[in-house]
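In: build me a model:
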Amino acid sequence: MVRRPVAWILTVVLFVEAFGVAALNWFLGIVADRQNMSLAGIDPDAMSVSSKIGGVVFGLYFLLCAVVALLVAVRDRAPAGLGRILLISVAVVHGLLAAFAWAMVEGKTGFVFLVVVLGLVVLLLMTYDRLEGPSDAAPASDGPHGSDGPKDPEQPDKDPAPIVPPPAPSPS
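Out: Predicted coordinates:
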């Protein structure tokens, strides 16, 4: 099916994106430091260091999300707990970045890339969605005798009749 290839592609894309974001922010920090740039009176060293720290933090975040996608690809199981939360959050981040890319920069290439990554994350989350029924469904082994034991003759094997709401009160 498409589940494992999507997980592998998303892993590669997020690894590349992690290193790209970290390298870009590190480069911008070096440029701000060498040109002694300042924005609204902020210390140029503070701008340089904060750009580098931000690049490392976002790079590690994308790297962690890539590791979650890698584990999903290797195990061929749905992400659970923190992994699912990380993938949902990276989908939200890509959606917001895509909106900013379209509105602020008007960069159609960046927008398309971000939307493709968003689509990959959503596809990964949706293809590994549980195929089970509702959580309140009765288990297969009813009663103390299990599924092979005697059944209650009062309960037929078919589903009970649907619940019908009472008629609406008439105005008087």
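In: helices along this protein, start to end?
Out: For the chain, helices defined by DSSP state H occupy the ranges 3-34, 44-75, 82-100, 108-127.
In: out of these, which comes closest to P165?
Out: If you check each of these against P165 by C-beta to C-beta, helix 108-127 wins as the nearest, at 33.5 Å. C-betas here are computed from N, CA, C, even on glycine.
In: number of nearby residues for the nearest residue to A98 once chain neighbours are set aside?
Out: Nearest residue to A98 in three dimensions, chain neighbours excluded: L114, at 3.7 Å (C-beta to C-beta, 6 or more residues apart in numbering). Using other C-beta atoms under 10 Å, L114 is surrounded by 22 other residues.
In: low-confidence stretches in this protein?
Out: Along the chain, segments meeting pLDDT under 70 span 106, 129-160.
In: change it to 90
Out: Along the chain, the model assigns pLDDT under 90 to residues 1-5, 29, 31-48, 75-81, 95, 97-114, 123-172.
In: right, and the helices of the chain - which one's nearest S172?
Out: S172 lies closest, by C-beta to C-beta, to one member of these: helix 108-127, at 51.2 Å.
In: ok, residues contacting the closest one?
Out: Outside helix 108-127, the residues that touch it by C-beta atoms under 8 Å, 6 or more residues apart in numbering are 1-3, 6-7, 9-10, 13-14, 17, 69, 72, 79, 84, 87-88, 90-91, 94-95, 97-98, 101-102.
In: buried ones among those?
Out: Using 16 or more other C-beta atoms under 10 Å as the burial test, the contacts of helix 108-127 include 3, 6-7, 9-10, 13-14, 17, 69, 72, 79, 87, 90-91, 94-95, 97-98, 101-102 as buried.
In: ok, and the closest non-adjacent residue to L14?
Out: Counting by C-beta to C-beta, 6+ apart, the nearest residue to L14 once its immediate chain neighbours are dropped is A66, at 3.5 Å.
In: cool, G95 as well?
Out: Spatial nearest neighbour of G95, chain neighbours left out: L118 (5.3 Å); criterion: C-beta to C-beta, 6+ apart.
In: related to what we said a few turns ago, tabulate the helices of the chain (JSON lines), appending distance to A161.
Out: Below are those laid out as JSON lines (distance: least, C-beta to C-beta, whole Å):
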{"stretch": "helix 3-34", "distance to A161": "39"}
{"stretch": "helix 44-75", "distance to A161": "42"}
{"stretch": "helix 82-100", "distance to A161": "38"}
{"stretch": "helix 108-127", "distance to A161": "34"}
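In: looking at these, which is nearest to P167?
Out: Closest to P167 of these is helix 108-127 (C-beta to C-beta; 40.7 Å).
In: buried set for the closest one?
Out: F111, F113, L114, V115, V117, L118, L120, V121, L123, L124, L125.
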